[in-house]
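# heads up, no residue letters with this:
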Ligand SMILES: Nc1ncnc2c1ncn2[C@@H]1O[C@H](COP(=O)(O)OP(=O)(O)OP(=O)(O)O)[C@@H](O)[C@H]1O
């Protein structure tokens, strides 16, 4: 088996050398392993080049959701050979891994990565970028923007950074939502486009979410309920129905008069007034337990 291992050296603030050592331990003498460390600058071009020059059977990605999204976009290039990917959860939140029920210890997720069972998942095309997990307009994106600028990583960093943003937040924002069937407005602290069921923290925010069902859910969070927000830091917490309105869709346009923070798969994008989203069914093959 020919393997490309893509490593984000900065994700989740953890060293990945032990993962490479463990992986080598599982490989057979005939297997080959090529390592690529991301630089955050021109990774898509470099990886596309590697994929076109080699004949990899699978790509193992040690990073967070941002790294997986980058690879999914790289694989959209028609000249890049379709290659299944295996997630080695090594980000700060690992939302996709949590949604795909990947096991959490290196020994167990490496076994899945070298196994044979795959699932082909959907993505959401959002303003011409791919979102694989959960993207949102409003409060959570603001939290991520603050977190990106902070030096404390992990869930604690996220929680500590949440406090000033929660206090200073300007929401609820007036959003206009246009679907194929209707146009309506909502005051909301946050609107999420969810391709999956759980936040990276493990909290179930979208109980009907399924990552390969050809639809995504629009989650409209109506009010700033600190208790409900803090629940999202807990694994297996479920949101109350008064707090969130859920609409299954294949495409949507959302607009708001003043720019509001937007994030895709845990990466802050920018403050935007317009977002267009459309499901892209069955776009990425990933290894699952
Ligand atoms: N060598 C590098 N130096 C700085 N930034 C990098 C480097 N390699 C990748 N990046 C950046 O890392 C981000 C992707 O991070 P990733 O999502 O993998 O981890 P994370 O943010 O820790 O995890 P999570 O998304 O689960 O919270 C991208 O913005 C990418 O540009």
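Received the coordinates, thanks. Note that the structure is a prediction, hence the values are computed from the model and not measured.
# could you pull out the strands for the stretch 1-150 of the chain?
Along the stretch 1-150 of the chain, the segments classed as strands by DSSP state E, counting those that start in this stretch run 2-7, 32-37, 58-63, 85-89, 118-126, 129-131, 134-138.
# Could you identify which of those is most buried?
Most buried of those by mean neighbour count (mean count of other CB atoms under 10 Å) is strand 134-138; its value is a mean of 27. All C-beta spots, glycine's among them, are computed from the backbone N, C-alpha and C.
# Could you tell me which strands sit next to that one in the sheet, and their orientation?
Partners of strand 134-138 in the sheet, by DSSP bridges, are strand 190-194 (antiparallel), strand 251-264 (antiparallel).
# Mean neighbour count, those strands: which tops it?
Ranked by mean neighbour count, the strands paired with strand 134-138 are led by strand 190-194 with a mean of 25 (mean count of other CB under 10 Å).
# orientation of the following helix or strand past that strand relative to strand 134-138 in degrees?
Following strand 190-194 in sequence order, the next helix or strand is strand 216-221 (DSSP states H and E). Here the directions of strand 216-221 and strand 134-138 differ by 40 degrees (axes from the mean of the first three to the mean of the last three CA atoms, to 10 degrees).
# Who does strand 216-221 pair with, and is each partner parallel or antiparallel?
As defined by DSSP bridges, the strand partners of strand 216-221 come to strand 190-194 (antiparallel), strand 244-249 (antiparallel).
# These: which one's closest to the ligand?
The ligand lies closest to strand 190-194 among those, at 15.4 Å (CB to the nearest ligand atom).
# any chance of the strands paired with strand 134-138 in CSV, plus distance to the ligand and mean pLDDT?
Shown next, in CSV, are the strands paired with strand 134-138 (distance: least, CB to the nearest ligand atom, whole Å; pLDDT from 0 to 100):
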stretch, distance to the ligand, mean pLDDT
strand 190-194, 15, 94
strand 251-264, 10, 96
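# Out of those strands, the one nearest residue 30 is which?
With CB to CB, the closest approach to residue 30 among the strands paired with strand 134-138 belongs to strand 251-264: 38.9 Å.
# Show me the contact partners of that closest one.
69, 126, 129-131, 135-138, 140-142, 144-145, 173-180, 191, 193, 218, 268-279 (CB atoms under 8 Å, 6 or more residues apart in numbering).
# Spell out which parts of the stretch 1-150 of the chain neighbour the ligand.
By CB under 6 Å from any ligand atom, the part of the stretch 1-150 of the chain that sits against the ligand consists of 8-12, 38-40, 63-67, 91-94.
# quick one on the thing from earlier: a markdown table for the strands paired with strand 216-221, including distance to residue 51?
A markdown table is the format used below for the strands paired with strand 216-221 (distance: least, CB to CB, whole Å):
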| stretch | distance to residue 51 |
| --- | --- |
| strand 190-194 | 28 |
| strand 244-249 | 33 |
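# got a list of what residue 11 touches?
Residues in contact with residue 11 (CB under 8 Å, 6+ apart) are 62, 63, 64, 66, 67, 90, 91, 92.
# Count the residues that sit near residue 182.
As a burial measure, residue 182 scores 7 neighbours (other CB atoms under 10 Å).
# Quickly note the distance from it to residue 84.
To residue 84, residue 182 is 39 Å away according to CB to CB, to the nearest Å.
# cool, and residue 287?
Counting by CB to CB, the gap from residue 287 to residue 84 is 7 Å.
# Outline the domain layout of this protein.
2-116, 129-280 (automatic domain parsing).
# looking at these, which one has the lowest mean pLDDT?
Looking at those, the lowest mean pLDDT belongs to domain 129-280 (a mean of 83).
# Could you check how far that domain is from the centre of its chain?
Put simply, domain 129-280 sits 12 Å off its chain's centre (CA atoms, centre = their mean, to the nearest Å).
# In this protein, what residue comes closest to the ligand?
Checked against the ligand (CB to the nearest ligand atom), the nearest residue in the chain is residue 64, 2.0 Å away.
# Next up, the contacts around the nearest residue to that residue once chain neighbours are set aside.
Nearest residue to residue 64, sequence neighbours excluded (CB to CB, 6 or more residues apart in numbering): residue 91, at 1.7 Å. By CB under 8 Å, 6+ apart, the residues touching residue 91 are 8, 11, 12, 63, 64, 65, 66, 67, 200, 266.
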